[in-house]
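**Q** Just need the structure, nothing else, for what follows:
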Amino acid sequence: MGSVTLLLVLLGIAAVHSIPASDGARSRRDSPSLPEPGVCGLSLADRIVGGTRTAINAYPWASLLMAQHKDGGQTIPFCGASLISDRFVLSAAHCFPEPSDSFIIAKVRLGEWDILSKKDCEEDYCSDNPIDATVESFEIHKDYSGEPDFHNDIALVKLANPVTFTEFISPVCLPAAEKFRTKSISGRKFTAVGWGDIKYDAKNRGKFRKYDIHMFNWKRYKVESTSGVGLETCRTSYPNLKDTEMCAGKTGKDTCQGDSGGPLSIAENDGYWYQYGVVSYGYGCGWRGSTMETQDPHYDCRIHT
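**A** Residues are numbered from 1 along each chain as shown. Sure, this is the predicted structure:
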């Protein structure tokens, strides 16, 4: 048991690197048409099984980036992601290869629950089989810095074909409405979900998990938070934290219960789930994150309604 902290960067999908999954050439930029709440943000998140393990369709937007060698062959889970429309997925920029790398992100798996199970069932309740949607292209934030700070670590993935929404596959909402974009997220409890890092959590390998965390901007806090978040850890771990970045975490939890690229989301007062962040990496288990609320007018927000 330990503490985990996430660094969160305010969103600006001003991606200029638009790269087809197959050959690395540039493609035409497209922006998703975002679904309305009620189409997006539908969850049965209150049906929690075994503590932090989730119900089959609790977070139907949670997705997996599937990597494949350039010469073909089997695809393997590589990073987390989230479905935001019938054609677009969000993830972390660092999950995507350079043109010189030997692999590509070929597919996005949707509707998955237990990676190692051929058929996902919860008692007598079984889900549809997951689908692997082909990646058409992806865009990296134009100001993504890479190592060591990983600023603007966020990417937008375009699928080759629209996906059909089901009980097990549906998008999360984005906080595009003014009432959400101007709402402070500091101090609020968010949920990270994913399949975890098997190096740190072998007994739960392949199992879909949830993990509740608190978000804050440590530069605005003078004393230790009462929410259980390690402020000092944020200060020492992220000395180059920007004013447009936030840190998140909670003590007393097993780390590695989410994936790089996975969503940080919350149920708002309207009853629907909204994604405010993307897990990047951090200390203790390689977690960090990029929020999706921007107050920076210089950002060219590529995700919009």
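**Q** Give me the three-state assignment for Phe180.
**A** With DSSP: H, G, I helix; E, B strand; the rest coil as the basis, Phe180 sits in helix.
**Q** Same question for Pro97.
**A** Per three-state DSSP, the local secondary structure of Pro97 is coil.
**Q** Run through the residues that contact it.
**A** Taking C-beta atoms under 8 Å, 6 or more residues apart in numbering, we find Pro97 in contact with 67, 103-105. The way it works is simple: take the backbone N, C-alpha and C, and place the C-beta from them, glycine included.
**Q** between the residues you listed, which is closest to Asp153?
**A** Taking C-beta to C-beta as the measure, Asp153 lies nearest Ile105 of these, at 15.1 Å.
**Q** Which pLDDT value goes with that closest one?
**A** For Ile105, the pLDDT comes out at 92.
**Q** Please apply the same query to Val278.
**A** At Val278, pLDDT is 83.
**Q** Quick one: list the elements packing against the strand or helix carrying it.
**A** For Val278, the host element (DSSP states H and E) is strand 273-279. Strand 273-279 sits against strand 2-9, strand 76-83, strand 88-91, strand 189-194, strand 263-267, strand 289-291, with contacts defined as 3 or more C-beta pairs under 8 Å, 6 or more residues apart in numbering; DSSP states H and E.
**Q** Can you list the buried residues in the fifth one?
**A** Judged by neighbour count (16 or more other C-beta atoms under 10 Å), strand 263-267 contains these buried residues: 263-266.
**Q** helices and strands around that strand, which ones?
**A** strand 76-83, strand 189-194, strand 273-279.
**Q** partners of that strand, with directions?
**A** Its sheet considered, strand 263-267 pairs with strand 189-194 (antiparallel), strand 273-279 (antiparallel) by DSSP bridges.
**Q** tally of neighbours for Gly38?
**A** 11 (other C-beta atoms under 10 Å).
**Q** I'd like the average pLDDT over the strand ranked longest in the chain.
**A** Ranked by residue count, the top strand of the chain under DSSP state E comes out as strand 131-141. Mean pLDDT, strand 131-141: 92.
**Q** List the buried residues of it.
**A** Under 16+ other C-beta under 10 Å, the buried positions of strand 131-141 are 131, 133, 135-141.
**Q** Perfect, I'm done here.
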